[in-house]
Structures are given as structure tokens and as C-alpha cells.
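just the structure for this:
(2 chains)
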Amino acid sequence: MIRNVVIILLLGAGLWACSDVYKLSAESKSVVVDDAITSNASIDSMIAPYQDSMSAIMDEVIAFAPADFTKGRPNAALNNWAADAVLDLHARRNPVRGQPQMIVISLLNVGGLRNPINQGDVTVGDIFKVMPFDNEVVWVEMPWETIPEITNYLIQKGGEPIAGARLDRDTLLIDGVTAPAESFWIITSDYLMNGGDKMDFFEQRIDQEYHGGLLRDVFMEAAKTQDTLVFDNGNRIQL
Amino acid sequence: MNRRDFLRNTALISGGTMIAPSLFSREVFGSKTSKKDKITILHTNDTHSNIEPFPENHARYPGQGGVSRRFEMIEQIRNEEENVLLLDAGDIFQGTPYFNMFEGVLEMKLMTQLGYDAATMGNHDFDGGMDGFKSAKEYADFPFLCSNYDFANTELDGLTEPYTIFEKGRYKVGVFGVGVELDGLVPDNKYGETKYIDPVETATDCASKLKEEGCDLIICLSHLGYTYDDETRMSDINLARKTKDIHLIIGGHTHTFLEKPVEETNADGKTVLINQVGWAGINLGRIDFHFEKSTFEKDELILVQ
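Down below sits the predicted model:
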């Protein structure tokens, strides 16, 4: 049933410049914009030329999604897919020289994944919707001592997309690493490295190396390479 | 918040057919309030370049939203009501390839065509840089209200206003805007020398000026966000509690689907409403304010559901 909300506020005489006393009531009548209403021809014709030139680029199918990839906390398929796509880049495009034993993880933010990838064909436009921002991928070298701070951040946020490591309650475990090192590298976006989403720990970075590409292009490349997107909603974050 | 409940509650009035007033509201004000004594506030927030409806296979909001349908809905309401204001609480830009390809021009053209009366800036409205916003704004025929960004020495100097006043029939509606702190949200080079001012300070100032100007209804367009886990962080809830003379805060930023406006108590002990309608133009917010001559002399609040 409809439950309109009526909120009545009586305004005192002395409160207002005008001499009348008003009883002010508010009635909430928000509506869902759905297909129960038809579209408007004049607006449609305004959009059409833009839509056409955009579709020529954005509607190209580049992969297939076997399920819905949504983002979420602490874990979700889109989180894992995005973090994996970034970590996979390391094998192909590592810009760091002179550190053959470097330890690498990837870290993104849930807030930066702007749309799910829906089951079915995946288009260029779908990837734009996941990552509309022109953020660049960057390798960031961090002192080993920052791990507790990063761990706390992940716990406080309730999880963020991560690959090459997992959070086991209060411990961040980096894959294949059993002993502390001097430093490790996080592949992330320049937005996050520069303090976006309050990832202030990046201020303590030792070094940074750009790979010269956009995060969106990394996702685009991963989708094309995989052809059928790899679905993994495994628990990398155990709170 | 339970979106499913929201959808259920609003499903019957979707499609623009306003079945109002309800039984409850008829009992309360019935025929006493005419259209002349009613101000209809329509609002959106965080539309994020969602021009077209979501596709039918969308994981969360299949087939919902769309600027064209929103326009149709707004036009129906305008045909039924005398005093309508259409407002937006920011983050107009970013989220679909329309923004990547056309840099906000189409969003501004469409909002102008839909007849938006005013908007405030969200953090993502800086995503094209201040020059990007300025270029797109050339196509906007409505004011951007920003009271707590000091744009002196930037490209946006003089292009926004802290507040404005609309005369709607026999009533004056004052509207002002407040924005979120940009540091940490927006890359430095996108907002340059913009100075952030405490929103409580500017909101207090704006509301007081609007009251002095004789406004009957005072509305704050806010991109601060509804509320946060860290309760000390500036939010609509905190703004509502720390200010006075504001009747309605139309919020954004946190993409919060409020089932109905939330009531808060302001610094004067009076009620202020906060509303936010999710994002992407999935919902069109609507609050009807009824003015009724009263013989009451004390403040009182009655909530009827």
C-alpha cells in the first residue's frame, strides 16, 4: 500500500518576516523512474545523435560474462576480477628495473568500480562504466613497516579489491612470502596513490613507476584476453 | 535501507500517476490547501551521466532510470501543479561513456531542457577539471549554487552563486548549496586553488540571509553525504543538527536510497527534513510542501504515516 508521509511543522508567528502564521506540512511522494512511463520524443531526438556516435565505439562486444560480476565488501567477483587484471599486468609490463625479487600485490578500491559487469556480452562501453575515470596504473614501492597500517585500512573499510595477498583477520598474508623484506610493491591507480579514498599510507612510499596506461585499458585488455571473464568470488578478505 | 520496501511503496505511484493525497493526508489537510498554497519540490542527485535507462539485464536496476522518462514524469507533475521547483544535488558528471566522449555537454543540455531550476556541484563535477566544468556549463541555463567553495583565483570565479531565491506564487523559496571537501576525493590539479569553507558556517550564513529576505521555505542542496560510520565527519545529519532555519536538505554523494525524508532536530530544536534518492536518476524525489494559514502559535511537529 502507499504510505505517504506527512510531516507537519507549525511555524510560530514571530519566526517569519511575514505576518501570517503558516502550518507547513511536507508530503513525501518520490517515484521510481521505470518503464511504466513512456519516453519523450523531443528528449529522445536530442540524445539520438550523441547516442549514435557513441554506440559506434561503445557497442563493440569484447568478451562474455558467465555471471553477474558485482562489487561488494568484504569480497565480490568484480573486486577479485579487477584486482587480478591489474596484478596480471605485472608479468607483461613490469616497469621496475633492478629488483628481480620484488614482491608485488595489487590494491584497488570498491568505490572506484562504478558499475557491475552484467551476465552476457561485455562491450567496450561496459568496461567504461566499470572504470569511467582516466586513472593511470602505477607501481608503488612501500616500506615493509606500512603493512600494519594497510591492514588496519582494509579492516576499517571492510575490504577492498586485492590480489596477490589476503587478509586473515588482523594479518595481511602476501602470497608466497614467509619472511619480511625491506619493501614490497603495490600496483594501484595514481588516484589512490595520491591519497584518494584516504589511502594515506601511500604517502610513505619509497618509489613509484608508471606503466603509462589507463586502468580502464588494463580492464579492457584483460576482458579481451580472457574472452570469457574469469569468475572468482573467493574470500580474500576474512574479517 | 531496504530498497525493496521503497520500490514496493512507490510502485503504485510510479508512471507519473499521482494518486494523492492519500487517506491520511486527506484527513490532515483535505481541501483546505489549494494548489496555490502548495510547493512541489522535485529533486535528483548523483545522476552520474546516466542519460539512458539501465539495460534490461542490469544486475541491480534493470530497465530503470533514463532522462527522457524523467522529463515525461516532470512534465506530468508540472501540468498538475502550479508551483514546481526542480533541483539537483550534484555529481551530474561521470559514470557512463557519455561523459568520457562529450565531456558533460549533453548532461547540461538535457538538464536545461528538463527545466532544472538550480543544482549544486558534486566532487565528480570537477572530474573534467575546472576548465571542463566551465566549458560544459556554457550549455546550462540554470544556476550552480555553491556556498562553501571559494573559487576566487580560479576559472570558476563568478560562475557560481551561494544561494538564490525563487518566487513561486505567493511564496518565496530560498535555495543554497554546500559541497563536500575535495581533498582526497578529487585529484589536486582538478580543483586547483579552490578553498573549502566549513559548510556549517556558510549554511548558517545563507539560511539566515534567506530568512531575512522573507523566504517561506529554505532548502539546502548538499553534496556532503547523508551520514558516515565516523559520526564526526561532516554529513547532512550533522549539518541539520548544527544549523537552523533550514526546512529541507536535499542530499547526495553517498547514493543513499531514503524511503522517505528523515527528520532531524536542528540547533533551534525544530524539525529539518533530509532526503536523498539514490543515484543515476533511478528515482525522482518529490516532496510537496503545503502552506496552511494557522491559528497555532507554538511550534509543533506531527508525523503521520
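
and B:Y139, how many neighbours?
16 (other Cβ atoms under 10 Å in any protein chain shown). Yep, even glycine has a C-beta here, placed from its N, CA and C like the rest.

now swap in B:P143 and tell me
B:P143: 18 neighbours (other Cβ under 10 Å).

residues in contact with it?
By Cβ atoms under 8 Å, 6 or more residues apart in numbering or on different chains, B:P143 lies in contact with B:118-119, B:160-161, B:164.

rerun at 6 Å
B:118, B:161, B:164 (Cβ atoms under 6 Å, 6 or more residues apart in numbering or on different chains).

got phi/psi on the last one?
B:T164 adopts backbone torsions of phi -150, psi 160, taken as degrees, to the nearest 10.

just the closest residue of the stretch 101-250 of chain B to chain A, please.
B:G214 (4.0 Å; Cβ to the nearest Cβ).

related to what we said a few turns ago, out of the contacts of B:P143, who has the most neighbours?
B:A118 (21 neighbours).

picking that back up, tell me the pLDDT at the residue of the stretch 101-250 of chain B closest to chain A?
B:G214 is assigned a pLDDT of 94 by the prediction.

give me phi/psi at it?
According to degrees, to the nearest 10, B:G214 has phi 80, psi 30.

format the contacts of B:P143 as JSON lines; extra columns: pLDDT and distance to A:N80.
Converted to JSON lines, the contacts of B:P143 look like this (pLDDT from 0 to 100; distance: Cβ to Cβ, whole Å):
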{"residue": "B:A118", "pLDDT": "98", "distance to A:N80": "42"}
{"residue": "B:E161", "pLDDT": "98", "distance to A:N80": "46"}
{"residue": "B:T164", "pLDDT": "98", "distance to A:N80": "47"}
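
how near is the residue of the stretch 101-250 of chain B closest to chain A to B:G169?
14 Å (Cβ to Cβ, to the nearest Å).

quickly run through the sheet partners of the longest strand seen in chain B, with directions.
Ranked by residue count, the top strand of chain B under DSSP state E comes out as strand B:283-293. Sheet pairing of strand B:283-293 (DSSP bridges) gives strand A:22-28 (antiparallel), strand A:31-32 (antiparallel), strand B:38-44 (antiparallel).

just how off-centre is that strand within its chain?
13 Å (Cα atoms, centre = their mean, to the nearest Å).

now that strand - C-alpha only, CSV.
Coordinates of each C-alpha in strand B:283-293 appear next as CSV, following Å, rounded to 0.1, in the frame of the first residue of the first chain:
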residue,chain,number,x,y,z
ASN,B,283,14.1,7.8,-8.6
LEU,B,284,12.7,11.2,-8.9
GLY,B,285,12.4,12.8,-5.5
ARG,B,286,9.3,14.6,-4.7
ILE,B,287,8.2,16.5,-1.6
ASP,B,288,5.0,18.6,-1.5
PHE,B,289,5.0,21.4,1.0
HIS,B,290,1.6,22.6,2.0
PHE,B,291,1.2,26.0,3.5
GLU,B,292,-1.9,26.4,5.6
LYS,B,293,-3.0,29.5,7.5
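
burial count for B:E193?
Neighbours of B:E193 (other Cβ under 10 Å): 12.

so which residue of chain A comes closest to chain B?
A:A36 (3.3 Å).

got the phi and psi for that residue?
The phi/psi pair for A:A36 (degrees, to the nearest 10) is phi -70, psi -10.

related to what we said a few turns ago, so which residues make contact with the longest strand of chain B?
A:22-23, A:25-33, B:29, B:32-33, B:37-43, B:70, B:73, B:217, B:275, B:277.

what mean pLDDT does it get?
91.

quick one: low-confidence ranges for chain A?
A:1-21, A:212 (pLDDT under 70).

which residue ranges of it form helices?
A:41-58, A:77-93, A:124-130, A:147-157, A:190-193, A:215-226 (DSSP state H).

A:G195: neighbour count?
A:G195: 17 neighbours (other Cβ under 10 Å).

residue contacts, it?
A:G195 touches B:G184, counting by Cβ under 6 Å, 6+ apart.

dump the helices of chain A to JSON lines, plus mean neighbour count and distance to chain B.
Formatted as JSON lines, those follow (neighbours: other Cβ atoms under 10 Å in any protein chain shown; distance: least, Cβ to the nearest Cβ, whole Å):
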{"stretch": "helix A:41-58", "mean neighbour count": "14", "distance to chain B": "4"}
{"stretch": "helix A:77-93", "mean neighbour count": "21", "distance to chain B": "10"}
{"stretch": "helix A:124-130", "mean neighbour count": "23", "distance to chain B": "4"}
{"stretch": "helix A:147-157", "mean neighbour count": "16", "distance to chain B": "8"}
{"stretch": "helix A:190-193", "mean neighbour count": "21", "distance to chain B": "7"}
{"stretch": "helix A:215-226", "mean neighbour count": "20", "distance to chain B": "9"}
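
got those helices as a markdown table, with distance to A:E203 columns?
Converted to a markdown table, these look like this (distance: least, Cβ to Cβ, whole Å):
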| stretch | distance to A:E203 |
| --- | --- |
| helix A:41-58 | 37 |
| helix A:77-93 | 21 |
| helix A:124-130 | 28 |
| helix A:147-157 | 10 |
| helix A:190-193 | 9 |
| helix A:215-226 | 21 |
